[in-house]
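Visitor: predicted model follows, preceded by the sequence.
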Amino acid sequence: TNTAGTSDYEQAIAEAKAAIIAKMTLSVGKDPGYATDRDWFVATALAARDRVTHRFLGGKRASKADGKKRVYYLSLEFLIGRQLTDVLYNFELYDIFRAALGDLGVDIERVREAEPDAALGNGGLGRLAACFMESMATLGIPAYGYGIRYDHGLFRQVIKDGWQQEFPETWLENGTPWEFLRSDVTYDIRFGGSVETKTVNNVPRFIWHPSEVVHAVAYDTPIVGWRGSNVNPLRLWSARAADPIALSLFNKGDHVGALSDQARSAAISKVLYPSDETAAGQELRLRQEYFFVSASLQDLINRHIRIYGDLYSLPDRAAIQLNDTHPAVAIAEMMRILLDDHNLRWDEAWRITSSTFSYTNHTLLPEALETWPLPLFERLLPRHLQIIYFINNLHLEATKKNFPNEPELLSSVSIIDERDGRRLRMGQLAFIGSHTINGVSALHTDLMKETTFRDLNRVYPGRIQNKTNGITFRRWLQQSNPGLTKLLCEVCGEEVLDKPELIKRLEEHADDPALQQRIAKIKRANKVVLCKIVTDRLGFRVEADSLFDVQIKRQHEYKRQLLNLLETVALYDAIRSNPTADWAPRVKIFAGKAAASYVAAKLIIKLANDIAKTVNNDPSVQGKLKVVFLPNYNVSLAEKIIPAADLSEQISTAGMEASGTGNMKLALNGALTIGTLDGANIEIKDNVGDDNIFIFGLTAAEVEERKRAGAPTATDNIAASPMLRQVLDAIGGGVFSPDDPNRFKPIIDGLRSQDRYMLTDDFDSYWAAQRRVDELWNQPEKWTRAAIVNIANMAWFSSDRTIAEYAEQIWKVPV
Ligand code: 26Y
C-alpha cells in the first residue's frame, strides 16, 4: 500500500489505464467511445511500447559504455507473429493491462486478436530466428537482428473447394505501432556496372562503378527479454529509390514512367519469397540478399569504427551469424569493404572476415542448397565475383598443397560448380569464410560431416559443431498455455519461469492421480478452445474427447503429410469394416502452407481436403474419425493448436528433417510424439525415454542403405502390404474424388514408381505405431502419465540453452 492508500497493483492498473486512454486520444486520435478493436490494440501497444523504449535506450547506453562484444544475427526471415502479448508478458504487465482494459470495458483477448501476425518468414528457420532474438534479449547478450522489412509477409492461404489459393498478406496496411523509423540510418546499396583496375604505387586497386543505387532505410523493432531484463533491436531494412520521382519525366507528362525507378527499387523489400527448401533462383532474390547484407555490414562497421576507431579489432567486438546461406554474400561484401574502402591487405582482411563470421546450415536437401548462375551474379555484383574468385583460388591452392594426390577433392570443395552451367555454391562460400559451421541437431550435424560437407570437413577439420535447436518457453509455454504454466508454478515452484530445468520436478508426481486429472483437465480446456476455432472457421463440430492428432508444418513431400493421409484412409476403411473394435476416437488435424509453385504439395492439400469431405460426411464413422484442414497456418494459429494437441506427427523420411522445432513445442505442451528417428526427434526420445514416444520406420542409415541397394522397391513394398495396396487403389481409383476420378493418379503413380520419400517402406511400421497409440489412449491414466513425463523432460529444448551454447562455443560472448 502506498501513501494514497491504494495498493501498488491498483496504482499500476490506474496508470496503465491512463496511459492507454492518453494514447487513444492523442496518438490514435479517437474518442474511446468510438474506438474499434484495432484502435484499442494500437493504443495499448503504444502504451506498452513507452515502457519498452525507456529500457531500450537504457540498455543501449549501457552496452556502449562497457564495450561488450555484440552478436549480429543476419537472417532473411524473422517469423515473429504477434508482439503484444510477448511484450506485455515479458514485462510482467499482462495482468495489469488486462485489468486496465477490463476496467475500460475492453476484452484483452479481442485486442490481442486485432494485431496482424508479422509473418516475415516461411517456417522453421524464420521462427528459430525469432526465438533466438527473444533468448538473446533474455540472456542479456547485446545483439542486433538484421533482416528485411517486407511490405508483404508470407501469403495468406485460402482453401477453396479444397485447393490452396494464395492472397497477398498486408500486415503493414495500417502501419505497426512496434517499429521506429530511423530515417537517419540510411545506406546506399549499389548494383551492377563494371570494375576498373588501376595500379597505384605498384599496388592494384579495384574501383567499382555501379550502374544502380538503392537506399536502405532502417526500422527498429525492440525485442524484449524475459522480465524486461534487456531489450535488443531487430533492425529491418526497407528499400527506397535514391530519387523518389523522375521529375523531368513527370513534367513531360510521363507520370507512370517517372515512378518506374521508385517501383524497381521498392520491389526489393516488397515481398518475402514464399519458398522454402527449393532454391528460388530469381534475380530479385539475389538483390534482396545483397541489399540487406550490404546495409547491415555498413551499419555494423560504422558502429564499430565509431566506438573503436579501426577495424582490426572487429573479431573481438562482433560476431556475425549467417542464418543459412541466404546472407552468405556477406563474406564477399566484408572483404570488399575492408579491401576497397579501407585499403587493408588481403591477408589482414581475410583474417578479420573469417574470424568474425559463422554459419548455420538448416538443410542438406540438394534442391535447397543455394547456388547462383555465374552470369547473373556477375551482372549484379561484378566486384564481389572477382573477390570470390580470389578466395576460391587461394582456397584451392592450399587444398592442392595439403592433399596433393586428390584432384577430385578440388571440384567438390570449390565454390564454383563446373557441372551444369557454372554456378556459385553459397554453402561452400559460407563454410570457407566462417570460423565455425553448425548443424541444428545431433543427427543433422553428423550427416553434414558425412555428406554435403564431408570434403570441406577434411580440408578444414574441427570447424563443424552441433547446436541443437530450441524454442522460447515464454511464448510456447507461458503465453500459449497459461493453464499448464500455472500448474507448473504450483508444483515446481515459481522459479520454474526462470529455470526451466525445474520442470523436471513434475515427474515426481507422474503417478499421482490428482495431478494426472489436473493435467488432463487443462488439456481438455485447451481442446475446447480449438474446437471453437474449428467450428468458427470450418462450420462443423469436433469432439473435445477425441484424440487430437496434429500435423502442423510447411507442406512438403519429405515431411510426408501424405503418409499420414494414407494411414487416415486405411483407418477409415478399417473402422468401417470393424466398427466395434477399440479404435481411439480421433480428429486428424492438418495445417500448413505449400509454396505457391509447388504443384505436388498443393495436390496433397487437395487430397487432405477431399478425404476430410468424404470422412466427415460418412455417418458410419461418426464419433470415431474426423479430418480437419485448418487454413492459413501461422504463428497465432500454432499458439492455439499446440496446447490442444494430444499427438504430434513428426514423420519425415529419416535424414531429411534437419531438426524440427514444432516437435519440441508440442512435446513441451504434453503431446506425445509419433515420429521417425530424424532430426531432433532423436534427442526428444533420449530425453523422454523410449516408453513415452512412438518411434517407427527406417533409420537414416537404413534409408541410405536401401537407396544404395535399390531394394526393396516400392513395388516390393506394396506387394507385401495388402492394406497399403487397398489404400492406393482407393485414392488412385477416385474414391475421394468422384467428380474427377483421376485427380490423384499422379500421387499414386509417384508412389508406385519412384516413391522418393520412401512412404511405402515405412507405411506398415507407421500403421503399427498408430495402433500402439490407440492402445495407450484407451488407458487414460497411462496416456496422461506419459504426457507428464514428456513435459517434465523438455527443459533442455529451451532456446536459452541453445543460445548459451552459441554464446560460449561460437560467439565467445559472456552470458
Ligand atoms: C534457398 C531458399 C529458397 C530457401 C528458403 C528457405 C531454403 C530453405 C529455407 C528454409 C528452410 C527451413 O526453414 N529449414 C528448417 O529450419 C529449421 C530450423 O533449423 C529446422 O528445424 C527444420 O528442420 C528445417 O527444415
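Guide: Cool, the structure landed. Residues are numbered from 1 along each chain as shown.

Visitor: span of stretch 310-321 from start to end?
Guide: Stretch 310-321 has an end-to-end distance of 21 Å (Cα to Cα, to the nearest Å).

Visitor: neighbouring contacts of it?
Guide: 67, 69-74, 300-301, 304-305, 307-308, 330, 338, 342, 344, 348, 351-352, 355-360, 806, 810-813 (Cβ atoms under 8 Å, 6 or more residues apart in numbering). For glycine as for every other residue, the C-beta is placed from the backbone atoms N, C-alpha and C.

Visitor: among those, name the ones in strands.
Guide: Among these, the members found in strands (DSSP state E) are 70-74, 357-360.

Visitor: most neighbours of all those residues, which one?
Guide: Of all the ones in strands among the contacts of stretch 310-321, the highest neighbour tally under other Cβ atoms under 10 Å goes to residue 359, namely 29 neighbours.

Visitor: hmm, that one is touching residue 430, no?
Guide: Yes. With contact defined as Cβ atoms under 8 Å, residue 359 and residue 430 form a contacting pair (4.1 Å).

Visitor: and for those two, which residues touch both?
Guide: 322, 325, 328, 437.

Visitor: hmm, back to that, tell me the one of the ones in strands among the contacts of stretch 310-321 nearest the ligand?
Guide: The ligand has its nearest neighbour among these in residue 360, at 7.3 Å by Cβ to the nearest ligand atom.

Visitor: ok, the closest one to residue 436 distance?
Guide: For residue 360, the distance to residue 436 (Cβ to Cβ, to the nearest Å) stands at 9 Å.

Visitor: which non-adjacent residue is nearest residue 69?
Guide: Excluding the flanking residues, the one nearest residue 69 by Cβ to Cβ, 6 or more residues apart in numbering is residue 813, at 4.7 Å.

Visitor: now do the contacts for that neighbour.
Guide: 68-71, 141-142, 319, 807.

Visitor: now swap in residue 285 and tell me
Guide: With contact set as Cβ under 8 Å, 6+ apart, residue 285 has these partners: residue 273.

Visitor: is it in a helix, a strand, or coil?
Guide: Of the three states, residue 285 takes helix under DSSP: H, G, I helix; E, B strand; the rest coil.

Visitor: repeat for residue 548
Guide: Following three-state DSSP, the label given to residue 548 is strand.

Visitor: what does the chain have sitting close to the ligand?
Guide: Within the chain, the residues that sit near the ligand (Cβ under 6 Å from any ligand atom) are 122-125, 128, 275-280, 362-363, 368, 370, 440, 469, 657-661, 679.

Visitor: try it again at 8 Å.
Guide: Within the chain, the residues that sit near the ligand (Cβ under 8 Å from any ligand atom) are 76-77, 121-128, 273, 275-280, 285, 324-326, 360, 362-363, 368-370, 440-441, 444, 469, 554, 657-661, 679-680.

Visitor: PyMOL command for the buried members of these?
Guide: For anyone working in PyMOL, the buried entries among the residues of the chain next to the ligand, judged by 16 or more other Cβ atoms under 10 Å, can be selected with:
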select buried, resi 76+77+121+122+123+124+125+126+127+128+273+275+276+277+279+285+324+325+326+360+362+363+368+369+370+440+441+444+469+554+657+658+659+660+661+679+680
